[in-house]
Each structure stands twice: as C-alpha cells, then as structure tokens.
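Enquirer: My questions are about this predicted structure, shown below with the sequence.
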Amino acid sequence: MSDKWTPNGRQDLHLRMIDYLDGENLKPGAHLPGEIDLAKEMQVSRSQIREALRMLEALGVVKTRQGARRIWLGFTTSAFAHQLVAVLKPTARSLTDLLDIRQALETSMLPRAMTVMNANDKDLLEQVAVQMVELAQAGESFTDYDEEFHRLIFASLGNELLNGLHAAFWSVYGAYAKTDPPEERPVPVAMMHLRIAQAVQAGDTKRAVHELDAHYYGIRTRTSSRLSPTSSESADGSSESTFTPQ
C-alpha cells in the first residue's frame, strides 16, 4: 500500500481505501468487503469508513445499492480525470480552461514523446493528418481524426492522466457543440496538424513543439472571441469569432 499524504501531513482515508481495494485486485462489479472488515483493515472506526465510502461513491469509484453490498467500479487515473471534468458545464470558459491545461502538458511532453515513438507510430500519425486534410478539402468533418491525432502523439508515453484529460475535453466539447455548433475553417486547421506530423516524422523536436504551440495559440485566440463581443485574429492572420476545437 503506498502512502498518500495531504499538505497538513495527515493521510486521507479514502485514498488509503483506494490503494487497499485496488491492491486486492477486485474486478469492476465485485462486492466490497463489509464495513466492519474495512474498519479492521484500516484501523479506524466504522463511522469513518462510512464517510470514506460516501466520498468514493461521489468520485464514481464505488456504487451503493439499497439493501445490498457496495460494488467496486474500479479506479484509473484516466477515468478519474474524466469523472472530475464531467462536472464542468459545456461552456466556452470550461473549454478554454481545458485547453490551457492541454497546451501546457502537450508542449512540454512532446519532446519526450518523440523519443519513444517508433517509425510505425510516426507513420500512423502522418497518415491521420493526411486524412484530416483530405476530409477538410472535401468539406467533411474530421473531428474523430483530430481526437485520434492528439491521442497518437502521446500514446507511447502511456500517461493515463493525460489520456483522461483528452477524453474529458472531447466529452465537454461534444456537449458544447450540440448547443453552439462552431463555424470552422477546416483546411488551415487540418494543415496545422499535418505540419506537426511532418516535424515529428523528421525528428525535428524544436519545429514540432513550435507547430504544436502555434496550433494551440490559434485555438486560444479563436476561443477568446467566444468570451468577448469582438473577434480575435487567428494564428494564420485571419479574423475569426468562433471556437474550433482542433
């Protein structure tokens, strides 16, 4: 069992319980041990166990059924990130906040990701980017390819938290787009992805980070226009007033 400490030096019971239950190799859907057994294992009172279980239920890790034993739903950092962001309302503000996090994480992690990507990984990334361009030129949506593109860049790192944040962003964006569909400029956006893929393929880390950062700068300027009455200028110099997720 690993130690998880709060800033005041006190170990949180619900985190200890996650460690314990995860270490028991419970499968999703399995019944949890009873409160008395958990209290004995954690060396705390039964009332403390109940409080911790309520917190785990709020986090979506445990499910309580009337008149039946509690169910273990499982815990992964990616699922936790998705659950955490799921409480956000699908607004331009929440999308902007998620984009800030994505930009900081992806631009800083891209150099390391490129060192572990193999030739097949790079080929697949470029193929997806080419498909995005082809779809954009044909006037068709490439949202699914966009999501896959960003997933592929960092897939080799195996970072579950980053994967969860990606999934959370697309979940929030999907809900947002239903009520406020964006007016996109698809071809320039698709070309930005292709330039990133080409830099990754060439092993040019500085150019790849620059292209990715410029890509996010363009998103941020477009998104900022949804938060104010005036339009902003995109990274390629054109004026836009709509949000484009790519």
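Expert: That came in fine, so what should we check first?
Enquirer: Name the nearest residue to residue 105, sequence neighbours excluded.
Expert: residue 162 (5.9 Å; CB to CB, 6 or more residues apart in numbering). Using the backbone N, CA and C atoms, a C-beta is placed for each residue, glycine as well.
Enquirer: gap between the helix ranked longest in the chain and the chain center?
Expert: For the chain, the helix that runs over the most residues, judged by DSSP state H, is helix 92-116. Centroid separation for helix 92-116 versus its chain: 9 Å, with CA atoms, centre = their mean, to the nearest Å.
Enquirer: Check what contacts whichever helix or strand comes after that helix and list those residues.
Expert: Under the assignment DSSP states H and E, the closest C-terminal helix or strand after helix 92-116 is helix 119-137. Outside helix 119-137, the residues that touch it by CB atoms under 8 Å, 6 or more residues apart in numbering are 117, 141-142, 145-146, 148-149, 152-153, 155-156, 186-187, 189-191, 193-194, 196-198, 200-201.
Enquirer: So how do I select the buried members of these in PyMOL?
Expert: Restricted to buried positions by 16 or more other CB atoms under 10 Å, the PyMOL selection for the contacts of helix 119-137 reads:
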select buried, resi 117+142+145+146+148+149+152+153+155+186+189+190+191+193+194+196+197+198+200+201
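Enquirer: Next step: the contacts of helix 119-137 restricted to helices.
Expert: 145-146, 148-149, 152-153, 155, 186-187, 189-191, 193-194, 196-198, 200-201.
Enquirer: Pull up the gap between the spatially most central residue of the chain and residue 25, please.
Expert: Centroid-nearest residue in the chain, with CA atoms, centre = their mean: residue 165, separated by 1.3 Å. Residue 165 sits at a distance of 27 Å from residue 25 (criterion: CB to CB, to the nearest Å).
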